[in-house]
Each structure stands twice: as C-alpha cells, then as structure tokens.
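Trainee: predicted structure and sequence below. I'll ask about it afterward.
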Amino acid sequence: MHRTRLSLDGLAMGPEKVGKLRRWILSLVTVNFDLEVGPKITSVYPPLSLFHAEAQNIAFSSFPDTSQFDEGSQTHSFRIRLRNPDEGEAWTGDAPRPSTIDGFIYGFSCFTRTKDDSSKRGYQQTSTVILTHLAYPSLFYTLISKLGPSFMNHGGPMLEAACHNIASWPDPKDGTNVELGFLGTVIHAEIPQAIETQQTMSALPPGRMGESDVQMLVSVCPTDPPILVHLEAVISHLWSIWECVVLSEPILIFGTSPAATSIAVWWLRDLLRPIPLPGDFRPFFTIQDADHTSFVNPRPPPSGILLGVTNPFFERACKHWPHVLSLGRQTSSREKGEKNGIVIGPPPGWKTTHRRYTSRDHTLLKQLEHACRGSLQAKRQASEALRQHFTSRTTALLVPLQRYLQSLIPTPSESRSNLANSGRLKPFSDAAFFASLKAHGSPLPFKSNAKQKEFYERWLRTPAFGLWLARQEEVVQGVLSGLT
C-alpha cells in the first residue's frame, strides 16, 4: 500500500481537545479509490500510527465489496483486529497507536459514488469513516449517516465541526444517560452498565425531546431500516438461528451489500446479551482482511463467530460451514428469470445442520408474515417485537442456571469456616444442575423434556457458559467481599 499523509487540510485541534475527542472516537478517515491500488486512505485526523495491514484493512473494509451499487450513498460498519507490534511494519511511527477496549477497532463508513467525467471510470468513489474503540452501533451509525453526506456537500469544515462537537461531549460513563449535540441534532443516548447489558428503552421526561432530537440505546442495532427487511426469507427459521447464536455455533451471514450484513451481524450479536460474547464477530469481512486465512480454510470454523460477507468467493470457500444465513427476500422463479437468471451468492434462506430444540411462537410468526406484506411502519413494529421476543428468550435460557447458582453461594457461616475460599462459589456440578433442571424445568418452550436436557448439555459445553460462570463468580465475590 502507498504511504499517505495523515492529516486533513485546515483541521487542527490542541492536545487537550484531541484527548477529549478520543474518549469517543479514535479518528475520522477519508478513503478514495485509486485505479492502481484500489481503496486508499487519503487522510486521518487526529493522526494514528497504523501498521500497513491495518491501514489496508480499513481502506478495503470502507468500500462495498460488491458490484451491485450504482450512484448514491450507503452506510455500513466493520470490525478489525488491532495487530501486535511483531505482526507488521508501521505505516507511520509519529502518531500514537490506537487505544482499544477489546483489541478491536470499529469502523462506521459512509460510502458515496457520484458521476465524475474527469475520472477514467466515469465516477468518483469516496468513503468517510469514523474509527472508534466503542461498540456502540446505534450511536455511530447515526453520526456517520449525518457526517458522510455533509462532508461530501460542504467539505472539510463539516469534519472540523464534527470533531469539535464530539470533543465537547461528557465522558462516556457506563450506565448513564447523556445529551450529545452533533451537527444540529441533539442525541439522547443511553449507555449500558456493561457491554453485556441488555438495553431497554426508558421514557424521557415530557418536554425533553425537540423536533430534531433522537433517542437511542447506543449498544443495540440501528432500527432503520428495520431488521425484518433483511430477514424476510428466513422468518420461519429465526428460532433455529437464535439457538445457533446462543449455542456458540459459527454462522456465515451472506448479503448483497455490507449495509445488509453489518446490520444483521450487530442484530444477532445483541440477541446474545446478557451472555458474554464467546467468539469473534465481523459485520463486514473482506478477502483482504489480515485474518482471512484464520477464518477461511478447510478446518472447522471457530466457535461463536458471526461473519458478514458479500463476495461470492466465500460461498465456495466456506461450503463446509454448518450454518449459512443468506439475507433478503425470497424471490420467485419469475423474478429470477427477469434478472437473466444471475444469482450472486447463495439465494436468500437458511442452510443449516441444526435441529431445533424449542418451539416457535406462532402468534409472533403470523405478525411477521403479515408485516412482510405490509407497510414500513408495520415492519418497524414487528422488528421491535422480534427483538423483545428473542432477548426475553435469552434471559429465560439463564433462569435454570441462575436458580441453581443460588445453591452455590456460600452462607456467612460457611464463609467464616472456610476463609481460604470465602469469596468463591462452590464448584459447579453438572449432575446437581440437571437434577435441579428436572425438578423445576425451564421457562423456554422446549419440544420435550429430552430436548430440554440435550439443549442444556450442549450449552454447558460452549465457551459462552465458561465466560458466563466466570462473570457470575466475579459478581458473587464482589458482593461477599463487601459483606466481610
């Protein structure tokens, strides 16, 4: 990749302002299409020290890896792993390295394609990108959706205004509600207590919302467009898909655009809460990603991975993956014929080896089927009902485990008599848990008691269970230490 300058003309902030800006974002980036090398970073502000592989990854991830896009703008997101110092040569060594929470950089891109007679290709392709360490998709989709078009219309001053807006925000403290001014809009943002907290919308006091104000839960998937638009072909399979997510099964998510795959991946990731994330997730993954050979190879895919792709190459390279979700609307033979029979990638649907343990909610299924034929507002309402349904199922999954966990908490007398392990849970016993499950059952609507037992036997073998149990141990230790 060619070396490029790491500054935006006319954009400069003092060290204190940059420090405040970086509480929320790492940098703003512009990417243009170079006929010789493809997508290429043209500016980064504030400057970041990136390795060549990271810079290339950001550049290629900022552009749609699909030919099904004409003129206009499109927003999508991506997640790339921060490289270790021994993994590559620095692209520039003068600026600071990105500071992350989980070892990943999150990118939110607005790609714009416009006619340009002076270009050999006849059009100009540019992406405006927000790089951040915070996994807050709803917030950053809102920001980039306003910033991208404004920058294309008015140039650098809009980026400068955006930077100063963000630098004036309060700290992103866990469990707080904050008001964030951004390019003429006030965002009422609810920040979760922890990244695994399942957020629910709280009501704002009357009179707090202006006409241009926006209220949001920052960690959830954006609600526009409604997720049902992308899941129309698989609504009867959603209960199977949910089970695969909570059982840490690897899922390849195929779409015709990164806008579709990134929204779907964020939505599936949210359904897992409050269970800790057991694997990787990539809202939009390209063949240029430095982790490509780690995921795309003849070996079984990693547990829990959610991989969003658009390139038909992945259909062939990942044919051994057990679960493939292809987004979109079910097309008829006539519609396919009208498109000259050309189908890029797998047709919309759900290809899986999974056999479902729980029953569908047929009332919700009918609402979804009706909404697919209805208005955009009906799709929005059905999409919200869909999220509420599956987040409640994830919570219900944990009820038998939390019930059994109560028996593992040492009493005060047990803590005093065993000081060495006074703040620890008693050992988890599979046999004792299944005895409790048999006696009390689960709120989930399993097809049979045998299916219920088989499901929990599988879940106890997932990496998600180990992470969840470790998190519960931390909570119990914190409570018990406060009592001593």
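Mentor: Nice, thanks for sending it over.

Trainee: for residue 189, phi and psi?
Mentor: phi -110, psi 130 (degrees, to the nearest 10).

Trainee: nope, residue 217 is what I meant
Mentor: phi -100, psi 110.

Trainee: report how many residues lie close to it.
Mentor: Other residues near residue 217 number 21, with proximity taken as other C-beta atoms under 10 Å. Yep, even glycine has a C-beta here, placed from its N, CA and C like the rest.

Trainee: so how far is residue 23 from it?
Mentor: According to C-beta to C-beta, to the nearest Å, residue 217 and residue 23 sit 19 Å apart.

Trainee: do residue 75 as well
Mentor: Relative to residue 23, residue 75 is positioned 23 Å away (C-beta to C-beta).

Trainee: could you do residue 246 as well?
Mentor: Distance from residue 246 to residue 23, by C-beta to C-beta: 33 Å.

Trainee: pick out whichever of the two has more residues nearby.
Mentor: Neighbours per residue, other C-beta under 10 Å: of residue 246 and residue 23, the larger number sits with residue 246, 22 against 15.

Trainee: check contacts around the more buried one.
Mentor: With contacts defined as C-beta atoms under 8 Å, 6 or more residues apart in numbering, residue 246 is in contact with 271, 272, 275, 394, 397, 459, 464.

Trainee: what's the helix or strand for the fourth one?
Mentor: Taking DSSP states H and E as the definition, residue 394 sits inside helix 376-406.

Trainee: which of the residues in that helix are buried?
Mentor: Neighbour-count burial for helix 376-406, counted by 16 or more other C-beta atoms under 10 Å, picks out 378-383, 385-387, 389-391, 393-394, 397-398, 400-401, 404-405.

Trainee: what is the least confident helix or strand in this protein?
Mentor: Sorted by mean pLDDT, DSSP states H and E, the helices and strands of the chain end with helix 333-338, the least confident at a mean of 42.

Trainee: any chance you could list what contacts the very next helix or strand once past that one?
Mentor: Counting by DSSP H and E, the next helix or strand C-terminal to helix 333-338 is strand 349-352. For strand 349-352, contacts defined as C-beta under 8 Å, 6+ apart pick out 233, 234, 237, 240, 241, 244, 322, 323, 324, 325, 326, 330.

Trainee: let's go with 7 Å and repeat that
Mentor: For strand 349-352, contacts defined as C-beta atoms under 7 Å, 6 or more residues apart in numbering pick out 233, 234, 237, 240, 241, 244, 322, 323, 324, 325, 326.

Trainee: likewise stretch 276-286?
Mentor: For stretch 276-286, the external contacting residues (C-beta under 7 Å, 6+ apart) are 60-61, 65, 76-79, 196, 248, 258, 261-262, 265-266, 269, 302-309, 462-464, 467-468, 471.

Trainee: buried subset of those residues as a PyMOL selection?
Mentor: The buried subset of those, as determined by 16+ other C-beta under 10 Å, is captured in PyMOL by this line:
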select buried, resi 60+61+65+76+77+78+79+196+248+258+261+262+265+266+269+303+304+305+306+307+308+309+462+464+467+468
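
Trainee: so of the contacts of stretch 276-286, which ones are in strands?
Mentor: If you go by DSSP state E, these have 76, 77, 78, 79, 306, 307, 308, 309 in strands.

Trainee: as CSV, these with pLDDT would be great.
Mentor: Compiled in CSV, the ones in strands among the contacts of stretch 276-286 are given as follows (pLDDT from 0 to 100):
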residue, pLDDT
76, 96
77, 97
78, 97
79, 97
306, 97
307, 97
308, 97
309, 96
